[in-house]
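>>> Quick one, structure for this:
(chains A and B)
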Amino acid sequence: GQQVMQIPQYQHVQEGEDFTTYCNSSTTLSNIQWYKQRPGGHPVFLIQLVKSGEVKKQKRLTFQFGEAKKNSSLHITATQTTDVGTYFCAGPVEYGNKLVFGAGTILRVKS
Amino acid sequence: DGGITQSPKYLFRKEGQNVTLSCEQNLNHDAMYWYRQDPGQGLRLIYYSQIVNDFQKGDIAEGYSVSREKKESFPLTVTSAQKNPTAFYLCASSLSSGRRGYEQYFGPGTRLTVT
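The predicted structure follows:
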């Protein structure tokens, strides 16, 4: 079935370093979404990308959607301790209204 | 103040007991979802509902049951048949008509511990 793979599984960075997580789908996606889950919290929707090659920025976060609409990335510039958490990507299934979530990338930031 | 509420935040039960987790939303969303999350793991879909009085099994429905009698409510029952019920349970909702793959809004979750 449709799968969304996310790497790395875990990353520990020094505060101020950059961080990137990558998402790859087994099928072409109509859109890709990113969520953040703080430790002990619940996933919170960050952004949705729809167009091939789209790039969106939210302050230090840069989101990209691949030209083939099968991959995406989230890049954080100069990480801060407030960035800690798990970042999930998700894409809609081919039929129906469900989302397929990646397994998430756990980000830890050492100050 | 719109949002999704789940109660209780923490729930403790003895093995062999059924337990029902509450999920309510006032976002006027048609679609609602239940996910299970184990420590350090991703989200696994248990059940979802796109409209009142209709619901479908997700990837791990065995040992769970749901109902959708009202648009704003989607309770999940963890039955005694669920072999490993201790987990973090998340409810979510979204729009559902017009296109596929609307963003989902999550409740704060219920941490269920069964001993």
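>>> Give me the spatial nearest neighbour of B:Thr5, chain neighbours excluded.
Taking C-beta to C-beta, 6 or more residues apart in numbering or on different chains, and ignoring the residues beside it in sequence, B:Thr5 has B:Glu24 as its nearest neighbour in space, at 5.0 Å. Placement of C-beta: from N, CA and C, glycine included.
>>> can you tell me which residues contact residue 77?
Reading this off chain A. A:Thr77 sits next to A:Asp18, A:Arg60, A:Leu61, A:Thr62 when contact means C-beta atoms under 8 Å, 6 or more residues apart in numbering or on different chains.
>>> Not quite, go with chain B.
B:Asn18, B:Val19, B:Thr20, B:Leu21, B:Tyr64, B:Ser65, B:Val66.
>>> try 6 Å this time
Under the criterion of C-beta atoms under 6 Å, 6 or more residues apart in numbering or on different chains, the contact list for B:Thr77 reads B:Asn18, B:Thr20, B:Ser65.
>>> so where do the helices sit in chain B?
Along chain B, counting by DSSP state H, no stretch forms helices.
>>> Centre-most residue in it?
Most central residue of chain B, judged by C-alpha distance to the mean C-alpha position with C-alpha atoms, centre = their mean, is B:Trp34 at 2.7 Å.
>>> end to end, how far does stretch B:65-85 reach?
13 Å (C-alpha to C-alpha, to the nearest Å).
>>> Surely A:Thr82 is within a strand?
No - the assignment for A:Thr82 by DSSP: H, G, I helix; E, B strand; the rest coil gives helix, which leaves it out of any strand.
>>> Count the neighbours of the residue nearest to B:Thr5 for me.
The criterion is other C-beta atoms under 10 Å in any protein chain shown. On that basis, B:Glu24 has 18 neighbouring residues.
>>> Across the sheet, point out what pairs with it.
Taking DSSP bridges, one finds B:Thr5, B:Ser73 as the beta-bridge partners of B:Glu24.
>>> out of the contacts of A:Thr77, which is most surrounded?
Among the contacts of A:Thr77, A:Leu61 has the most neighbours (other C-beta under 10 Å), with 18 neighbours.
>>> and A:Ser72, how many residues sit next to it?
Residues contacting A:Ser72 under the criterion other C-beta under 10 Å number 27.
>>> Looking at chain A, which residue is nearest chain B?
Ranking the residues of chain A by distance to chain B (C-beta to the nearest C-beta) places A:Pro92 first, at 2.5 Å.
>>> per-residue confidence for residue 35?
Reading this off chain A. A:Tyr35 is assigned a pLDDT of 98 by the prediction.
>>> You answered for a different chain; I wanted chain B.
Looking at B:Tyr35, the pLDDT reads 98.
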